[in-house]
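> One predicted model, sequence on top.
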Amino acid sequence: MPEFARPMHDTWLLAGARTPWVDYCGALAAVSPTDLGIHAARAAIERSGLPASAIGASVVASMAHADFDAYVLPRHVGLYAGLDIAAPAIGVQRICGSGFEVLRQAADQIALGYADAVLAVGTESMSRNPICAYTHRSGFKLGAPVEFKDFLWEALDDPAARVSMIQTAENLARQYGIRREAVDAYAARSFDRALHAQSQGWLAAEIAPVTAQRFGREGYHDRALRLPRKVEALAQDTHPKPSPAAVLAGLRTVYEGGVQTAGNSAALVDGAAAMVVGNGEVMRQSGRAPLARLAGASAAGVPPEIMGIGPVPAIRQLLTAYGLTMADIALVEINEAQGAQVLACAQALALDENRLNVNGGSIALGHPLAATGLRLTLTAALELQRRNERYAVVSACVGGGQGMALLIENPDYCKA
């Protein structure tokens, strides 16, 4: 079977922006993911130097149907971000890899000549995941079970392997000999690194602060992004907090005898992120330095019961397609779905952990599913520039047994 990986040419990440990641049931809990996506998209377009009318399409991801207009979420994000009425939109999903998938599909549209520039957006309200039922369309029969369930909780189970996402990490912990102490130590480091990046203003460079606002489009009804009373603006991620290993060690594991806890797994947060992707001609027309060159993309399948190891084959086949080795990669981002899962990937890849998730990850910052891949890419692109390094790989495991990875290159090393 051929590997699902290929290098890309003359594809540029022109600019990106995101909302703060805000804790589950916090100040963004009442906000539609459509409006979060519009906010991030408008900020990314403004930073790109391109007029919105120059963007030929939008590719948008959102996992949860977190509002009644979810069917038209991809279209409305592009519409209210200011794209031309003729610019089409598509919604995609690769679960936790969706933020990478929107970039891959944007690049494909550009390479195939559909557009010269494409808007890529991931937006997620974890707080607004529905409590739902799929079996009552014909009514409620007397005495029959009422089958309303928490979608967010039920979605964590994989019925093929009959495991939860946490159990897949526990399987990797046993396979790779990873102990609870190591997982807590890794999580503590994620918090420390995120707090340091926050204090240095590095995360602020990614964020477009959120305020109450209206989104208008001539000829159509306005949309509104409303914040709670007494909240004037949200300008930084809310989940990072001092979390030493000794404190994390006091938390109860999800499964008896396991290694994963609420403190060393990805936090639930709400947020959105966006990037403008363009070819070299558009990049030069913008008059601004790009974030990075998008150099390649890959996806791979793995057994569902160890889905967390997915980044390993995805990264390996991506590097092979591009003729690189891990020694060529200055920075690696592996989404922190669970601490044991990241440690298993690091062990399998023989990663120097000084290059891994250097500004913290989803354990500390949170994981709004469809938006995380864009955040990881934006973080890595800015960090490559700060460090004057060339290549970064960004990756994530994907529920159901997949992994996805992108290769990005610092524009200072690229020939336009």
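Nice, thanks for sending it over.

> Do a quick rundown of the strands in the stretch 201-350 of the chain.
Assigned by DSSP state E, counting those that start in this stretch, the stretch 201-350 of the chain shows strands spanning 210-211, 213-217, 220-225, 233-234, 269-279, 292-301, 331-334.

> Single out the most deeply packed of these.
Greatest average neighbour count among these goes to strand 269-279 (a mean of 31), per mean count of other Cβ atoms under 10 Å. To be clear about C-beta, it is placed using only N, CA and C from the backbone, and glycine gets the same treatment.

> In this structure residue 149 contacts residue 131, no?
Yes. Residue 149 is in contact with residue 131 according to Cβ atoms under 8 Å; the separation is 7.1 Å.

> Looking at the two, which is more packed in?
Remark: of residue 149 and residue 131, residue 149 carries more neighbours, 13 against 10, as counted by other Cβ atoms under 10 Å.

> separation between the more buried one and residue 167?
From residue 149 across to residue 167, the span is 19 Å (Cβ to Cβ, to the nearest Å).

> mind checking the longest helix of this protein?
Secondary structure of the chain per DSSP state H: the longest helix is helix 180-199.

> Switch the strands of the stretch 201-350 of the chain over to JSON lines; also include distance to residue 355 and mean pLDDT.
JSON lines is the format used below for these (distance: least, Cβ to Cβ, whole Å; pLDDT from 0 to 100):
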{"stretch": "strand 210-211", "distance to residue 355": "31", "mean pLDDT": "98"}
{"stretch": "strand 213-217", "distance to residue 355": "38", "mean pLDDT": "97"}
{"stretch": "strand 220-225", "distance to residue 355": "37", "mean pLDDT": "98"}
{"stretch": "strand 233-234", "distance to residue 355": "31", "mean pLDDT": "98"}
{"stretch": "strand 269-279", "distance to residue 355": "22", "mean pLDDT": "98"}
{"stretch": "strand 292-301", "distance to residue 355": "17", "mean pLDDT": "98"}
{"stretch": "strand 331-334", "distance to residue 355": "5", "mean pLDDT": "98"}
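
> Need these in JSON lines (columns: distance to residue 381).
Output for the strands of the stretch 201-350 of the chain, formatted as JSON lines (distance: least, Cβ to Cβ, whole Å):
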{"stretch": "strand 210-211", "distance to residue 381": "22"}
{"stretch": "strand 213-217", "distance to residue 381": "27"}
{"stretch": "strand 220-225", "distance to residue 381": "26"}
{"stretch": "strand 233-234", "distance to residue 381": "23"}
{"stretch": "strand 269-279", "distance to residue 381": "9"}
{"stretch": "strand 292-301", "distance to residue 381": "4"}
{"stretch": "strand 331-334", "distance to residue 381": "10"}
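
> Between the ones you listed, which one is closest to residue 155.
Among the strands of the stretch 201-350 of the chain, the nearest to residue 155 by Cβ to Cβ is strand 269-279 (16.0 Å).

> From the chain's centre, how far out is stretch 130-149? Work that out for me.
Centroid separation for stretch 130-149 versus its chain: 33 Å, with Cα atoms, centre = their mean, to the nearest Å.

> what comes into contact with that stretch?
Outside stretch 130-149, the residues within contact range by Cβ atoms under 8 Å, 6 or more residues apart in numbering are 64-66, 150-151.

> So which of these is surrounded by the most neighbours?
Within the contacts of stretch 130-149, most neighbours by other Cβ under 10 Å means residue 66, with 25 neighbours.

> ok, that one to residue 262 distance?
From residue 66 across to residue 262, the span is 22 Å (Cβ to Cβ).

> Angles on the backbone of the nearest residue to residue 70 once chain neighbours are set aside, please.
Of all residues not flanking residue 70 in the chain, residue 62 sits nearest, at 7.1 Å (Cβ to Cβ, 6 or more residues apart in numbering). Here is the backbone geometry of residue 62 (degrees, to the nearest 10): phi -160, psi 120.

> Would you check that residue 62 makes contact with residue 126?
No. Between residue 62 and residue 126 there is no contact under Cβ under 8 Å: 11.0 Å.

> So for those two, which sits in the more crowded spot?
Between residue 62 and residue 126, residue 62 has the larger neighbour count (other Cβ under 10 Å), namely 29 against 26.

> Low-confidence regions, this structure specifically.
Within the chain, the segments meeting pLDDT under 70 span 414-416.

> if I look at the residue of it positioned farthest from its centre, how far off is residue 38?
Farthest-out residue of the chain from its mean C-alpha position, per Cα atoms, centre = their mean: residue 142, at 44.0 Å. To residue 38, residue 142 is 45 Å away according to Cβ to Cβ.

> Nearest to the spatial middle of the chain, which residue is it?
Closest to where the C-alpha atoms of the chain average out (Cα atoms, centre = their mean) is residue 372, at 1.3 Å.

> Spit out the contact partners of that one.
Applying Cβ under 8 Å, 6+ apart, we find residue 372 in contact with 96, 99, 122, 335, 362, 396.
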